[in-house]
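1. Structure, please.
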Amino acid sequence: MAAPALAEGHAAADPRLIVPLDFPTAEAARAAIQQIGEAVSFYKVGLELFATDGMALARELKRAGKQVFLDWKLHDIPTTVERAAAAISGAGCDFITVHGEPQVMAAAVRGRGRSGLKVLAVTVLTSLADADLKEMGYAENARALVERRIHQAIAAGCDGVIASPHEAALARALGGSDFLVVTPGVRPDWSAKNDQARAATPLEALRAGASHIVCGRPITAANNPHAAALRVAAEMAQAARSR
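-> Residues are numbered from 1 along each chain as shown. Purely as a prediction, here's the structure:
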């Protein structure tokens with residue numbers, strides 16, 4: 001059976017809402033996109049799809065008029081990261097993540113050149129709490145480590161960072177009004193937190209300073225993904241009305 005075609009048009013979509021396509025196959029991802037319809041215009045392609053048809057799906061999404069966030073967390077020697085960023089920049093995608101280490105971030109910025117690809121540094125994964133960082137050998141707590149990596153991302157020329165909703169205000173204060181602050185771990189009150197240790201609602205994240213939120217399972221695992229996406233977007237709209 002042929003996979004459903006990607007739906008075109010996204011008049012009802014909030015461009016600040018990014019939905020991750022955390023599926024084992026491109027066919028499953030296409031089915032989810034079809035169910036969501038025009039309610040979402042920005043999708044994240046992560047490592048699970050990277051291992052199969054992630055880049056082909058990314059190009060397909062771009063042809064359908066969607067924005068694409070490649071959450072591949074590049075992390076290697078500078079030359080390799082620079083070449084990878086250069087190759088990715090030719091696909092016309094919008095965001096790419098790299099690990100928040102100074103050499104890695106600077107290499108990715110060099111690699112993307114003058115393309116429109118935005119380089120986002122991963123500060124601290126939202127699944128990690130202070131106790132996890134201590135076990136990994138860090139003396140700093142999550143907030144202190146995030147702050148240090150934000151400063152380093154700015155110095156490296158990154159366009160923004162990935163930070164939990166609880167560090168979004170800090171990222172906004174340090175990066176300024178044009179800095180991209182993309183917050184995973186966003187969970188509406190009506191959904192489960194799952195494995196996100198530092199979660200917040202869409203409204204809380206935007207009020208804290210997020211430019212974009214990443215919200216996955218509350219939408220993709222819902223009985224009606226289209227309605228769930230619109231419900232999240234409606235909550236996000238409250239942030240502008242309440243200012």
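2. list the helices and strands the helix or strand hosting residue 27 packs on?
-> According to DSSP states H and E, residue 27 maps onto helix 26-36. When contacts are defined as 3 or more Cβ pairs under 8 Å, 6 or more residues apart in numbering; DSSP states H and E, helix 26-36 sits against helix 54-63, helix 217-220, helix 225-241. Backbone N, C-alpha and C define where each C-beta goes, glycine included.
3. buried stuff in that helix?
-> Buried positions in helix 26-36, judged by neighbour count with 16 or more other Cβ atoms under 10 Å: 26, 28, 29, 30, 32, 33, 35, 36.
4. before we move on, back to that, would you list the helices and strands packed on helix 26-36 in JSON lines and tack on mean pLDDT?
-> What follows is the helices and strands packed on helix 26-36, written out as JSON lines (pLDDT from 0 to 100):
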{"stretch": "helix 54-63", "mean pLDDT": "94"}
{"stretch": "helix 217-220", "mean pLDDT": "95"}
{"stretch": "helix 225-241", "mean pLDDT": "88"}
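5. Tell me which of the ones you listed is the most buried.
-> Ranked by mean neighbour count, the helices and strands packed on helix 26-36 are led by helix 217-220 with a mean of 22 (mean count of other Cβ atoms under 10 Å).
6. dump the residue contacts of residue 120.
-> Contacts for residue 120 (Cβ atoms under 8 Å, 6 or more residues apart in numbering) come out as 95, 96, 97, 98, 158, 159, 160, 161, 162, 180, 182.
7. For the third one, which three-state class applies?
-> What it means is residue 97. Secondary structure, DSSP: H, G, I helix; E, B strand; the rest coil: residue 97 is strand.
8. who does it bridge with?
-> Under DSSP bridges, the beta-bridge partners of residue 97 are residue 120.
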